[in-house]
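Peer 1: Structure for this input, please:
(5 chains, ligands or ions: 5)
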Amino acid sequence: MPADPAPHGAHAARSDGAPGTGPAAGATRAAPQRLAQAALRDVPWEVGVAKPDPAIVVDHVTRTFGGLTAVSVDHLEVQRGGITGLIGPNGAGKTTLFNLLTGFDQPNTGTWSFNGRDLGKLSPHQVARLGVVRTFQLTKALSRLTVLQNMLLGAQGQSGESFLRALVPGTWKAQEKANTERAMDLLRRFKLDAKKDDFAGSLSGGQRKLLEMARALMSEPQVVMLDEPMAGVNPALTQSLLGHVKDLREEGMTVIFVEHDMDVVRDISDWVVVMAAGKVIAEGAPDSISQNKAVVDAYLGAHHDAPLTEEEEDRFLAEDQAAERARREDVISSEQGRKRRARR
Amino acid sequence: MAFATLVPGVASAVGEQVRGTLQTSLSGPIEGISVEVATPDGDVVDTVQTDEDGRWEVDLPGAGQYVVTVDPDDLPEGVELNGEPSRTVTVDAGRAQPVNIGLNDGSRNDGGGTIRAVQLFVDGLRFGLLIAMAAVGLSLIYGTTGLTNFAHGELVTIGAIAAWYINVQGGVPLIPAALLAMVVGGVVGALNELAIWRPLRRRGTGLIAALVVSIGLSLALRYSYQIFYGGFSNPYADYQGQRAKSYGPFTLQDRDVASIVIAVVVLVLVALMLQRTKIGKAMRAVSDNRDLAASSGIDVNRVVLFVWVLGGALAALGGVLLGLSDQVQWDMGFRLLLLMFAGVTLGGLGTAYGALLGSLIVGVFVQMSTLVIPNDMKYVGGLLLLIVILVVRPQGILGSRARIG
Amino acid sequence: GSDEGGGTTDDGASGEKQVNVYGTDGNMGNALGEDFSDEGALAGMRGTTPLTELSGDFTDRLLAVDPDLQDYNYAGETYDAVILTALAAQAAGSSDATVFAPYLNGLTFGGEACDSFSACVEIINAGGNVDYDGVSGPLSFAEAGEPAQASFGILQFGEDNALDDAATDFVIAGDEANAATDEGPAYAPAGATGDPLVIGTLLPLTGNLAFLGPPEVAGAQLAINEVNEAGGVLGQPVQLVEGDSGDASTDTATQTVDRLLQSNVDAIVGAASSGVSLTVIDTITGAGVLQISPANTSDQFTEYDDNGLYFRTAPPDTLQARALADLIAEDGNNTVGILAINDPYGTGLAENTRDNLIAGGLSEDSIEYVTYDPQAANFDSEVQQMVDFNPDAVVVIGFEESSRIIQGLNAQGIGPQR
Amino acid sequence: MSPAEKAATREEHQRLAEGALVRADNLVAGYVPGVNILNGCDFYLSDGELVGIIGPNGAGKSTLLKALFGLIPVRSGAVTLRGEDITSAPAHRLVSLGVGYVPQNNNVFPSLTIEENMQMGVYLRPKTFKERFDYVAELFPLLGDRRKGKAGALSGGERQMVAMGRALMMDPSVLLLDEPSAGLSPVLQDEVFIRCRRINATGVSIIMVEQNARRCLQICHRGYVLDQGRNAYTDTGKSLMNDPKVIELYLGTLAKAQ
Amino acid sequence: MADLLNAFAIAGKAFFGFQAIFFALLAIGINVHFGYTGLLNFGQIAFAMLGGFGIAISVSQWGLPFWVGVLVGVLAAVVLALLLGLPTLRLRADYLAIVTIATAEGLRLVFRSVSATPVTGGTRGLSAFNRDFIALAPWDTGRRYNLIGTTWSGGELWVVTVGWILVALCSLLVWALMRSPWGRVVKAIREDEDAVRSLGKNVYAYKMQALVLGGIFGAFGGMVYAVGTGSAIPDQYQNANTFLAYAALILGGAARVLGPVIGSMLLLFILQFADTGLRSLIANGVIPAELLSSTDVAQLRYVLVGIGLMLLLVFRPQGIFGDRREVMLDAR
Ligand SMILES: Nc1ncnc2c1ncn2[C@@H]1O[C@H](COP(=O)(O)OP(=O)(O)OP(=O)(O)O)[C@@H](O)[C@H]1O
Ligand SMILES: Nc1ncnc2c1ncn2[C@@H]1O[C@H](COP(=O)(O)OP(=O)(O)OP(=O)(O)O)[C@@H](O)[C@H]1O
Ligand SMILES: CC(C)C[C@H](N)C(=O)O
Ligand SMILES: [Mg+2]
Ligand SMILES: [Mg+2]
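Peer 2: Ligands and ions are numbered 1, 2, ... in the order given. I've put the predicted structure just below:
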């Protein structure tokens, strides 16, 4: 673990998290406090490159479903105390890789370790107890538990969770209280505090995502693996949450996250790993990604630098329509065409 | 007073006696065999010859032990003593003790030419097919609505009972009666859905509450049957008393053959319908995701209604076929329920093919297990198999495992 | 019988084997015949049941109570159970079961014979000693509170699948000499009065013995009617509280007993099934209430520790087994298959029958003993086991489900059908 | 009151909604008895329009779509389609009236194959399957490549494609999309937005709920900002996108930074 | 009218009878399994059978003291829970249901089989094992006592007293557990196992603990029943009892501490009142005897019970104590 949690950095980041603060600050902030970024600065942008202080090391992991190779990663290291973005086209194998690393799925071959400890044979809860906690892309809200209970469940090392001690409230009351406070803090950050006594099953899609992430953080993991945490989350809130994630990094947490929103990826990741068709096809600093042709082809598409401008879109649209017209003329039956015109 | 009219029975009041009959089922009564009765010390009490009915009897001087010996030399061709020629029997005071020496005409343990394992297998197949037919509806209803319907057995019963009334009371031949029973089954299924389950679904009743409602419904229906139909078992008027025909290693009654054929044909048709037709796909879609199905233009209520009608009709037909071989009873469906559940689950919940496969396995295994375990535990084997299979394949035989994450 | 055409299960060249099929009290009733529609399906099937020849007069009286009766099985025993209870209460001068129970045995032997409630009460009032000879036989109770000797009907089905009354025979098993000798306490003075006697019934209205319910209910009702016509017990009419026993697979009996006890009954007539009686005997006798069963035949009750409160008018199966075994042996059967329901009644009777057959010289390998679960959906494998054994005689000991087994036997050519 | 806020008032709504294709007035709806999620929400969609709905998580956007589509009971207020009252009409009837809907969650049939999922899209008009499928498979090649595979095994994004695909199969005249771009890779997000515009250009009216708010507002004719079950702002997409209040509260500044 | 009141009083006794205790304990166990942990255990009656036979076999067959029998019963239930849980806790809820039904039914068939007669007494079962226990009663067990319009034999009263104390203790235990973090984990497992795994909880171990705990409650139920009836007969332990216990639980409200208790009392009341009420109506002439003989009552009562169950759940699907919000959530 990085020895220096850099109080100054933490402070800076916290103020950074408030909405409305200049976004550029993240990119330009002084590097020294950000250990991971500093450490990764000199690492070459090569697939499978060794990191100075890897928390997770993956070797030769493959997973096939029938004829489909979902994951085939030769070598991958994840820097401790850094935020590693994992991107790649849909079906690239990101979620499957998460499943494998956290024991939810068994690979065909391969080994991986956390802090030098082989995780291969461990079951999901053992992995989680070592401090590697993940979230799910398709959220798993514990529907008939309240939001607060969902949160409390995330806390680790609760003595009240053992059968016998559960019967002696004295042994867990204090801990429970502390946990509740911490949970409320997190809920406030995630804008869920008003919902604390509602059943998690009654949350909206985005709120579930938030809860899922907050719950994972509740366990104070060493490594947190977030599977598309921001998909479906309101952009304003996303922004403030990113600040929180950065805070966590300052506290020494290792974050791996899957995300399709390149703005987010660029904003917070120290290192980006790109997967396609199960393989890692590139890794490097965030800036490196849009320069990599393979990545652009496989993932970002032609307009990778920024979202399409309206003009661009209009142009594409016009092209499309021309193509469509051409296609229609020779492919589609006239009946279909008539129908469509008639409806207009 | 009734007692006064008693004919003094063989067993009392005549003084001590030993008596018996020598005969075999093949040779008939055996006449002229000499039987000697002596005390254990060897004092001969009397020696008699069997009469034309094969009977013999010897009056005894008193209670006590006696040795009865048969002279095997005169036994006819093919008949021999099963064991020793003599037996020691204890005669109580005043009792005419029958003595049975035991002859062997070679017919014992000869099994009538069938191979037991094969016979049991075939019986099991037949049974399994009937379970399957009754259970398809259970599986489909579970699939489309998530309801674990404990009242499904009552749909089976109503089919059998309806056919019985139409056939026996109404004098209609069984085949049209069975068709009518299917209609009744379908209608009852539809009523189930329209009167109970649809309103409950509309009110947002949970699945477990619905399960308990089905338990209540099952109770109510079952005992209504008992009130109206009675507690007895009754056969249909037709196709009774058939002898089993030999098919080499196994035998079957004609009606069993017919049941098998009907079941196979119907099940294949159902399977094809599920796989190929629009409504079949709609059923599977509804079972996956009701709201999304509605959003695709499927009239969910109509599909569910169709499932109930189909399930009810099939259950009814299953009931009729079951009643044909094992008579009609007010609780016949209920007693089958566990096996239906077992079959449906074994194959993989909610999959129609699974229900078929699972039911067949259950049926066959229940029968075949009697080769090794006592008959009164025959279900144990089937249930054990169920457990073993599910432990090895937690998603059922044809079920597929859901992806995580 | 070897007159079939077509491919049957012939065993080789020597023609078809004729198998004798026997039944017992659980199935030897016309209800069995109703399950068969084709002529002769049961023809020749014989069996035993605790039975005396009921007089036409008695059956007429029963029919007056319940015109729909088809069978009279255990009607006489039930009638006797009620009469005996009433007599005991009258003799003891109390309607408290713990008080009148000790009188019961003594009322069945020794002294002046009488065969109706009014006649017996007269004797009591005259200071005499009563020997009630019931509709179901002389009763003569042994120490354990059950008939020491009993008459069994040997019934036979005719071509029309109904019991052939002309072919019915009666035998007596057991020995009246085994009856108890203790006449019990001295009778209360003539014309004793007291609290009304309340009798509950615990009879099978639902469940697999439901077919025995109607005759039993009618028997009980008839007895109550007659007792009350004769002035009741202790100067008050006897009250009847009806209850259902269900079968052993439901909890009905326990609940009924609860209700009966709650209604302050002094005696409970029932249950029919031994299995059911076992579930409630402790509750009943523990509550100081008398239990008298008209139909329990399991030998288990003979030894049961019942606080002296359990009686029965049906003979224990040790007696029926003897009658049955005699019947089987008399017919010269060399091999016997026994298909018995797995319940206290079926296993007890079957085992006793087997023991009797063995005592009569039959070797153990000549007997195939199969118990079955009555709840099974079909009996293919049981029948198949019999087919394999191919015995000279098949004994079916069971209740309602017997018809399905016999049907299976018929289909395989080893049933009563020729 | 900013123009956008003003446009969100009931008076404005009633003035503008006249003759709209889809129109919802003063909708009140919710899940649990006694708790309203929509508190008098107004909404309209004119023929040929592409309307975006944005708002914080839990604002009631999905609920609004469900209420329009008859999946949850409407407690008061009315929904009309081409002037015809469709309040709480069963969903399957709306489909036959040419309304398509892609839910936010659980939007595929997991145990059906991809192909069968697509068939469900043309449930009411199975004859058109082949032609429509070719069209959709061109858009999302994966759907054609793995047509025999079970949808339940697919990755999050792949499911989203199936869900979109199913709705496109329908060839509806009104399309309700609940976060169609969520979970898709950037390339495909572009595809989806472009495709939506293209479909819209062919005359299909679209209602789109998006958390990819900027992109959504960029392409849509009009946008609604929903907050706590009420309309907070309504305006053209572009004005909303540039409204500082909207930016601060709902859009954030992250994307703009690039 | 008086008859009806009397019928009510008689049925009222069912509220407190040992059968209500039996179902309450079964249902408390099921509540732990299903209500809180989401384990669809449909074989609860097997635990009860082991409890009942634990005492019966120990006392009448092995001649051990009563309390050793209780211990044996509990141990047997624990062993069954472990054996059952080991392979099956991985199963999806509905599959688990079938496996547990199968286990219970199979176990009963084994217990009642002729081959098991030397141990279990086969279908005859065992009896005469509760004397030691009844003898502990602080009052005269031979007498009958009148309590609020109902009469009880001394022994019965003793069984019921101890039984209700047991129910209270078990409920207390459940209450204490379910408000603790342990209970939270278990409830979370009910909702989604994978999510709980991902948070570092050993789902398997928790499920096993819940299975064992609920199984022990079930065993207690069986013991009360065996001691109450004074006999242990395999056929008393039919699966239908599990279904009724589920009905009781849902009636009362699943995942509520008192749900199973109140539900069971109510269920037994309905069962008994369907009988006594009908009979008194017939006796009163309210229902003409031609229409319904008292012989039909036996069957009709089950029809009424069935309909009663249905109606209760139709109008209160969440049960008496249940939270409607919570129930709505799991509607599919
Ligand atoms: N259980 C399974 N059975 C069959 N195929 C599977 C299974 N799980 C995953 N796959 C396939 O493996 C590939 C990788 O899936 P994965 O979920 O890892 O993708 P992903 O990178 O997370 O994609 P997305 O960005 O869309 O979430 C996909 O093509 C998917 O269809
Ligand atoms: N099934 C439900 N039962 C009860 N309450 C619900 C349910 N679904 C949603 N809610 C509540 O309704 C409110 C609105 O939910 P809705 O799904 O419409 O939000 P949304 O605007 O779509 O949010 P998101 O962007 O996160 O998807 C939320 O507060 C949520 O808690
Ligand atoms: C009614 C009879 C057939 C009952 C049987 N004798 C028994 O004791 O179980
Ligand atoms: Mg993924
Ligand atoms: Mg939403």
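
Peer 1: per-residue pLDDT, the residue nearest to B:Met133 when sequence neighbours are not counted?
Peer 2: Using CB to CB, 6 or more residues apart in numbering or on different chains and skipping the chain neighbours, the partner closest in space to B:Met133 is B:Gly318 (3.9 Å). The way it works is simple: take the backbone N, C-alpha and C, and place the C-beta from them, glycine included. Here, the pLDDT recorded for B:Gly318 equals 94.

Peer 1: Just the strands from the chain, written as ranges.
Peer 2: Picking chain A for this. Under the criterion DSSP state E, chain A contains strands at A:54-65, A:68-79, A:83-87, A:109-114, A:117-118, A:132-134, A:223-227, A:254-258, A:271-276, A:279-284.

Peer 1: not what I meant, chain E
Peer 2: E:126-127, E:144-147, E:150-153, E:231-232.

Peer 1: hmm, back to that, including mean pLDDT and distance to C:Asp35, could the strands of chain A go into JSON lines?
Peer 2: Below are those laid out as JSON lines (pLDDT from 0 to 100; distance: least, CB to CB, whole Å):
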{"stretch": "strand A:54-65", "mean pLDDT": "91", "distance to C:Asp35": "57"}
{"stretch": "strand A:68-79", "mean pLDDT": "91", "distance to C:Asp35": "60"}
{"stretch": "strand A:83-87", "mean pLDDT": "92", "distance to C:Asp35": "72"}
{"stretch": "strand A:109-114", "mean pLDDT": "91", "distance to C:Asp35": "66"}
{"stretch": "strand A:117-118", "mean pLDDT": "88", "distance to C:Asp35": "70"}
{"stretch": "strand A:132-134", "mean pLDDT": "92", "distance to C:Asp35": "65"}
{"stretch": "strand A:223-227", "mean pLDDT": "92", "distance to C:Asp35": "65"}
{"stretch": "strand A:254-258", "mean pLDDT": "92", "distance to C:Asp35": "69"}
{"stretch": "strand A:271-276", "mean pLDDT": "90", "distance to C:Asp35": "71"}
{"stretch": "strand A:279-284", "mean pLDDT": "88", "distance to C:Asp35": "73"}
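
Peer 1: Just tell me which of the ones you listed ends up closest to B:Thr21.
Peer 2: B:Thr21 lies closest to strand A:54-65 among the strands of chain A, at 74.9 Å (CB to CB).

Peer 1: How about residues contacting stretch D:233-245?
Peer 2: D:2-5, D:7-8, D:12-13, D:52, D:214, D:216-225, D:246-247, D:251 (CB atoms under 8 Å, 6 or more residues apart in numbering or on different chains).

Peer 1: Which among those count as buried?
Peer 2: If you count burial by 16 or more other CB atoms under 10 Å in any protein chain shown, the buried members of these come out as D:4-5, D:7-8, D:12-13, D:52, D:214, D:216-225, D:246-247, D:251.

Peer 1: Give me the subset of these lying in strands.
Peer 2: D:Gly52, D:Arg222, D:Gly223, D:Tyr224, D:Val225.

Peer 1: mind listing what the last one touches?
Peer 2: In this case it means D:Val225. Per CB under 8 Å, 6+ apart, neighbours of D:Val225: D:Ala4, D:Ala8, D:Ile53, D:Ile54, D:Gly55, D:Asn231, D:Ala232, D:Tyr233, D:Thr234, D:Leu240, D:Val246, D:Tyr250.

Peer 1: do that again at 6 Å, thanks
Peer 2: D:Ile54, D:Gly55, D:Ala232, D:Tyr233, D:Tyr250 (CB atoms under 6 Å, 6 or more residues apart in numbering or on different chains).

Peer 1: Just want the residue of the stretch 251-400 of chain C that's nearest ligand 2.
Peer 2: C:Asp251 (40.5 Å; CB to the nearest ligand atom).

Peer 1: Neighbours of the closest residue to E:Thr141 other than its chain neighbours, how many?
Peer 2: Of all residues not flanking E:Thr141 in the chain, E:Gly154 sits nearest, at 3.7 Å (CB to CB, 6+ apart). Residue neighbour count, defined by other CB atoms under 10 Å in any protein chain shown, stands at 20 for E:Gly154.

Peer 1: now E:Gly154: how far from ligand 3?
Peer 2: 30 Å (CB to the nearest ligand atom, to the nearest Å).

Peer 1: per-residue pLDDT, the closest residue to B:Val264 other than its chain neighbours?
Peer 2: Taking CB to CB, 6+ apart, and ignoring the residues beside it in sequence, B:Val264 has B:Leu129 as its nearest neighbour in space, at 6.6 Å. Looking at B:Leu129, its pLDDT stands at 93.

Peer 1: how would you label B:Leu129: helix, strand or coil?
Peer 2: helix (DSSP: H, G, I helix; E, B strand; the rest coil).

Peer 1: Of the buried ones among the contacts of stretch D:233-245, which are in range of ligand 4?
Peer 2: Among the buried ones among the contacts of stretch D:233-245, no residue lies close to ligand 4 (CB under 5 Å from the ion).

Peer 1: which residues are there in chain A that come within reach of chain B?
Peer 2: With CB under 6 Å from any CB of the partner chain as the criterion, chain A meets chain B at residues A:Thr95, A:Asn99, A:Phe104, A:Phe136.

Peer 1: Among those residues, which ones lie close to ligand 1?
Peer 2: A:Thr95 (CB under 6 Å from any ligand atom).

Peer 1: From the residues of chain A next to chain B, pick the one nearest B:Ile387.
Peer 2: A:Phe104 (25.8 Å).

Peer 1: burial of that closest one, as a residue count?
Peer 2: Counted with other CB under 10 Å, A:Phe104 comes out at 21.

Peer 1: about what we covered before: most neighbours of all the contacts of D:Val225, which one?
Peer 2: Neighbour-wise, the contacts of D:Val225 (other CB under 10 Å) top out at D:Ile54, 31 neighbours.

Peer 1: B:Glu77: neighbour count?
Peer 2: With other CB under 10 Å as criterion, B:Glu77 counts 7.

Peer 1: What's the separation between the residue nearest to B:Val264 and B:Ile262?
Peer 2: Distance of B:Leu129 to B:Ile262, given as CB to CB, to the nearest Å: 9 Å.

Peer 1: Tell me which of the two has more neighbours.
Peer 2: Set B:Leu129 next to B:Ile262 and count neighbours by other CB under 10 Å: B:Leu129 wins out with 24 against 18.

Peer 1: wouldn't that one be in contact with B:Ala263 here?
Peer 2: Yes. Counting by CB atoms under 6 Å, B:Leu129 does reach B:Ala263; the two are 3.8 Å apart.

Peer 1: Can you check what pLDDT the model gives residue 93?
Peer 2: Let's take chain A. Checking the pLDDT column for A:Gly93, the value is 91.

Peer 1: hm, I was asking about chain D
Peer 2: 88.
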